[in-house]
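# here is a sequence with its predicted model. Questions after.
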Amino acid sequence: MTFPAEKSPGRTRLLEQLMAVVRSEFRTEIYVPAPDNPVFIADECAVTDCDRTAASARRGLCNAHAIRFRKRGRPPMTDFLAEPGPPVRGRRSLAVCVIDGCHYGRRAKNGLCSKHHDRWSRAGKPDPATWNAPDLAPCDTTTSECRLPFCNLWVENPVKLFCTGHDDRWHRHGCPDPDHFIADCELVGTASIDLRDLAPQLKLEIQYALQCRHDARSRTAAPRLVMPAVRRVKALGVTSLLDLSEQQWRQKVGAQADESALFLLDARDGLEALRDGTGWEIEYPRDVWRLHKLPGITTPAGRPCPRARLRFDRIPQFWLRELGKRWTRLRLTSGLSIGAARAGVDALICFGGFLTSAGVDALVEVNRPLLERYLAHVMSQPGGHGMKKTRIGALNLFFQNIRQYGWEDTLSGTAAFYVGDVPPVPEQVDRRLAEYVMTQIESPGNLDRWPDAAGRLVTLILTRCGLRISSALALDFDCFLHDGQGAPYLRYFNTKMRREAAVPIDEELEAAIREQQRRVLDQWPDGTACLFPRQRANVSGNLPLADGTYRRMLGRWLETCEIRDEHGRPVHLTPHQWRHTFACRLINRDVPQEVVRVLLDHDSHKMTAHYAKITDQTVRRHWEQATKVNIKGERVVLDPDGPLGQAQWAKTRYGIATQTLPNGYCGLPVQKTCPHANACLTCPVFLTGPEFLPELREQRTRTLTLIDNAKSCGHGRMTEMNQQVADNLDRMIGEMEDDQETENAG
C-alpha cells in the first residue's frame, strides 16, 4: 500500500509534534495493553478455561465461542456455558502424530502424520497401537520446529517454515510475510490494537489518541472498539485524521455514531488541539466554539465543561455574528452559565433570521419601529412564553451592552425594549403531585423495584429533600455535615444559585447514602469525586450520572410499577415536580414560610411564595377544627359547605390578617367602624379561642383587681363596666376549659 507524500508545512509540524509527545510505550505497531489497564479493559471470555478476550460485551464470549453459540441456535447462556464444546484452536499446538516420540502434525484419520501414514500403508496397515513404527525424527529437532512460538511440532519439509497444519493456514491467508503471519497468530484472541498497515503519520496519530485516552482516564477504549475505527480509517485511504473536517467525519460515521466512531472524533479533536493549541485565542475566531477547549468554563457544579458547542455560524449577518461573539465571551468569562450563554446565542440567531427576512443589512437600521415588528415576529413563532421572553430580554441586554461598552456607535438610541413589551407571565399551574400519586411513588414495595440502587437513592433524595435534579446528581462523594447534636445534613451545590447549601435529613436517608458510598468504593477503590458516578465510559468514576440517564430510568420505573393517577391514567412526571410537592407539604404542615425558603435555598420570599399560595387551606382547616366562642361563651361555627361558606371564610380570614387582637379575633365586617374602642370584651362581634387562654386568664385577674379597687373607692360605674368584662371572661374561659376537659377525657 502506498501513501501520498506529506508536503503541507502544517502536516510536517504536526508530525514533529507527534514524534515529540508520543511516549515509547505507545509507539508500537501492535499495542497490547496490560491486563489490568482500566482504560483498555477487555473482559475474558465467559467460557471456563478459555484464555481469549470477549469479542462483545453483550454476551461476554470470544469470537470463536460466539460463532459456536450462533451455530447452536443461541441457546440459553447458562446451558451453553455448561457445555461449550472442545477448546477452540488458535494459539496452541495442533494435534500430534499418535506414534510415541513423533512430533509431526497429525494428518490422517487414524491419527498418523504424513510420513508415518505412508510407511504404515506400505506395511499393510497394521494396528497403529501395536505397529513397530520407524523413528522418523529429524537430525536436529530444535531447528526443525514450527516457527510459531507457541507450536512445538516438527516441520515435515526443511524448506517450509511451519508445521503441516500451520502451513495450511499460512497458504489460506495468501502466503503473507512470515513475520506478519506469526504476529497475527500470536494475537488471535488477545486484546491488542494492530496499527501495522497504517501510514506513518496516521499510525502516530492513533498512537497519540490511545495515549490521550490512557492519560485522561475518562472513557474506555477497549481494543474490540478501537480496531473497527482503525479498519475504517484504512478503508477511507486517508493519511491523516485531519484530512477531513469534523463535519466530514461525522458524515462518514453516520448519525448513529458508535464507540469506534466516537474514538475517531475524539482522536481528531485531540490532534487539532495539539497542532493549533487551545484557549480563547484559538476558539474566538471560530464560528463554532468548543467550550471544553476554553479555560475556566465549567458546569454549574464546578466540574469540567462537557463537549458543548456554541454555534455562531447560524447567525446570517457577519457584523451581528462578530458582536455576538464579543458579547458571549464577556458573559462566559464573567461567570455566566453555559445554558444562559446558549440562550443568548439563540436570541441572536432568531434576530438574525428576522433581519434577513426584513432586508436589514446594517446595525444602523435597527430602531424602535423595526423592533416592534420583531416583537410581532417573535410572538408568532412556535415555542413557550419563557423562550419568547428570553429571546426579547436577551436581545435587549445585548443592545444595552453595546452602548455600555462602546462596541458600535451606529446603534440607534431608540433600539430598546421596554416594560410592557412582553405579555405578562401566565399564572403557573400548580405542579405538585397529588398525594394519591405520591403514596404509590413512596411505597417501599415500589421503591424496591428500582433496578438500580443509585436511581432509587436519587428518587429518595428528590422526594425527601426537595433538591433540583441537577443538584442531586452533582452531590459530592463526601456530602454529609453534622451539627453539635450530631444531626445529619445533606451538603449540596445549588446549581441554579451557584452556591453551597445544606438540608436536614433523617437517619434512614443517611444510612442509604452511606450504603451508596460503599457501593462506589467497591467499584472504584481509589475513590470518586461524585456520589452518583455513571456506570459506563467512566474509568476514573468522576463523571456524574447524566440528567437524561436518570430521567429514562425514572420513566421505565414508573411504567414497571404501573403508577396511576386518580383517573387510572399512567403518570408522567418530571423530577422537579417533587420539589414543588416537597414545598407544598411543608406549607400544609404549618412550617413557616421563612423556614421553607431556607430549606429550598431560595434567594427571596417571592420565589417561595409560589408554593405558599395554598396556606389559606391549612389555616382554614385549623380554624374549623378549633373551638371559637364569643363574649357570651357561645360556640361560633362556620359551615364550609353552606351557601355563604366562602364569603364567611373570606370575611373572617381578612379580620384575622388585619385586626388580630392580643386575646382573640375581631369578627366585625371590615366595612364598618368599631363603636367599642378598647372594649372588645364587651363587643358582640369579638371572638376568641383556646390559643388565647393564658391571656384571658391574666386579663381576668387584672379585671378582678380593678373591681376590688373600684368598690373600695366607691366608683360604681367603673365597677359595673369591669364586672361585665369579668362575667364575659368567666363564660368564655369556662366554655373553653370544659371543651379541653372533654378532649382529654376522650
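Received the coordinates, thanks.
# so where's the stretch 1-150 of the chain shaky on pLDDT?
Along the stretch 1-150 of the chain, segments meeting pLDDT under 70 span 1-10, 55-58, 89-92.
# the strands in it, which residues?
Applying DSSP state E, counting those that start in this stretch to the stretch 1-150 of the chain gives strands spanning 30-31.
# likewise the chain?
With DSSP state E as the criterion, the chain has strands at 30-31, 193-194, 288-290, 309-311, 480-482, 488-494, 499-504, 665-666, 686-687.
# any chance of these in a markdown table, plus distance to residue 707 and mean neighbour count?
Heads up, the C-betas are built off the backbone N, CA and C, glycines and all. Converted to a markdown table, the strands of the chain look like this (distance: least, CB to CB, whole Å; neighbours: other CB atoms under 10 Å):
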| stretch | distance to residue 707 | mean neighbour count |
| --- | --- | --- |
| strand 30-31 | 104 | 17 |
| strand 193-194 | 103 | 22 |
| strand 288-290 | 85 | 18 |
| strand 309-311 | 82 | 16 |
| strand 480-482 | 57 | 13 |
| strand 488-494 | 56 | 20 |
| strand 499-504 | 52 | 15 |
| strand 665-666 | 25 | 20 |
| strand 686-687 | 20 | 22 |
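# export these to TSV and tack on distance to residue 417?
Converted to TSV, those look like this (distance: least, CB to CB, whole Å):
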stretch	distance to residue 417
strand 30-31	59
strand 193-194	58
strand 288-290	27
strand 309-311	24
strand 480-482	44
strand 488-494	30
strand 499-504	30
strand 665-666	48
strand 686-687	52
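# residue 435: which of those is closest?
Residue 435 sits nearest to strand 499-504 of all the strands of the chain, at 21.7 Å, using CB to CB.
# show residues contacting the closest one.
Residues outside strand 499-504 that contact it (CB atoms under 8 Å, 6 or more residues apart in numbering): 465-467, 481, 487-494, 599, 601.
# quick one: strands adjacent to that strand?
Using DSSP bridges, the strands paired with strand 499-504 are strand 488-494 (antiparallel).
# and the partner strand, how far out from the chain's middle?
18 Å (CA atoms, centre = their mean, to the nearest Å).
# now do stretch 514-523
Stretch 514-523 sits 19 Å away from the centroid of its parent chain (CA atoms, centre = their mean).
# quick one on the thing from earlier: show me the one of the strands of the chain that comes nearest residue 282.
Closest approach to residue 282 among those (CB to CB): strand 288-290, 9.2 Å.
# how distant is the closest one from the center of its chain?
The mean C-alpha position of strand 288-290 is separated from the chain mean by 22 Å, CA atoms, centre = their mean.
# comparing the strands of the chain by mean pLDDT, which bottoms out?
Among these, strand 665-666 carries the lowest mean pLDDT, a mean of 52.
# buried set for stretch 509-517?
509, 510, 512, 513, 516, 517 (16 or more other CB atoms under 10 Å).
# separation between the nearest residue to the last one once chain neighbours are set aside and residue 218?
Across the structure, with CB to CB, 6 or more residues apart in numbering as the measure, the residue nearest residue 517 apart from its sequence neighbours is residue 477 (6.5 Å). Residue 477 is 17 Å from residue 218, where distance means CB to CB, to the nearest Å.
# list the contacts of the most centrally placed residue in the chain.
In the chain, the residue lying closest to the centroid (CA atoms, centre = their mean) is residue 546, at 1.6 Å. Contact partners of residue 546, counting by CB under 8 Å, 6+ apart, are 473, 534.
# any idea how far residue 195 is from it?
Where residue 195 is concerned, residue 546 sits at a distance of 33 Å (CB to CB).
# quick revisit: got the phi and psi for the residue nearest to the centre of the chain?
Main-chain torsions, residue 546, degrees, to the nearest 10: phi -80, psi 150.
# start and end of stretch 464-472, how far apart?
12 Å (CA to CA, to the nearest Å).
# who's in contact with that stretch?
With contact meaning CB under 8 Å, 6+ apart, stretch 464-472 is reached by 300-301, 458, 461-462, 490, 492-496, 503, 505-506, 509, 532, 547, 550-551, 575-576, 578-579, 582-583, 599-600.
# closest to residue 267 out of the strands of the chain?
With respect to residue 267, and counting by CB to CB, the nearest of these is strand 193-194 at 12.5 Å.
# tell me the helices and strands packed up against the closest one.
With contacts taken as 3 or more CB pairs under 8 Å, 6 or more residues apart in numbering; DSSP states H and E, strand 193-194 sits against strand 30-31, helix 223-236.
# with distance to residue 117 added, can I get these in TSV?
Shown next, in TSV, are these (distance: least, CB to CB, whole Å):
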stretch	distance to residue 117
strand 30-31	38
helix 223-236	41
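# report pLDDT for the residue nearest to the centre of the chain.
For residue 546, the predicted pLDDT is 89.
# likewise for residue 189?
61.
# now do the buried residues in stretch 151-162.
In terms of neighbour count (16+ other CB under 10 Å), stretch 151-162 has its buried residues at 151, 153, 154, 155, 156, 162.
# residues near the closest residue to residue 403 other than its chain neighbours, how many?
Leaving aside its chain neighbours, residue 403 sits nearest to residue 411 (6.5 Å; criterion: CB to CB, 6+ apart). Counted by other CB atoms under 10 Å, the residues lying close to residue 411 total 18.
# ok, residue 411 - contacts?
363, 364, 366, 399, 402, 403.
# my read: the first one touches residue 410, true?
Yes: distance between residue 363 and residue 410: 5.2 Å, which falls inside the contact criterion (CB atoms under 8 Å).
# quick one, which of those two is more surrounded?
Neighbours per residue, other CB under 10 Å: of residue 363 and residue 410, the larger number sits with residue 363, 20 against 11.
# got the contact list for that one?
319, 320, 323, 408, 410, 411 are the contacts of residue 363 under CB under 8 Å, 6+ apart.
# in this structure, which helix is the longest?
Counting by DSSP state H, the longest helix found in the chain is helix 716-745.
# show me what counts as buried in that helix.
Within helix 716-745, the residues that qualify as buried are 719, 721-723, 725-729, 731-733, 735-736, counting by 16+ other CB under 10 Å.
# one more: stretch 698-716?
699, 700, 703, 706, 707, 710.
# show me the contact partners of it.
If you take CB under 8 Å, 6+ apart as the criterion, stretch 698-716 is touched by 663, 681, 718, 719, 722, 723, 725, 726, 729, 730, 733.
# count the neighbours of residue 483 for me.
10.
# okay, now the closest residue to residue 425 other than its chain neighbours: neighbour count?
With sequence-adjacent residues excluded and distances taken as CB to CB, 6+ apart, residue 425 is closest to residue 385, at 6.4 Å. Other residues near residue 385 number 13, with proximity taken as other CB under 10 Å.
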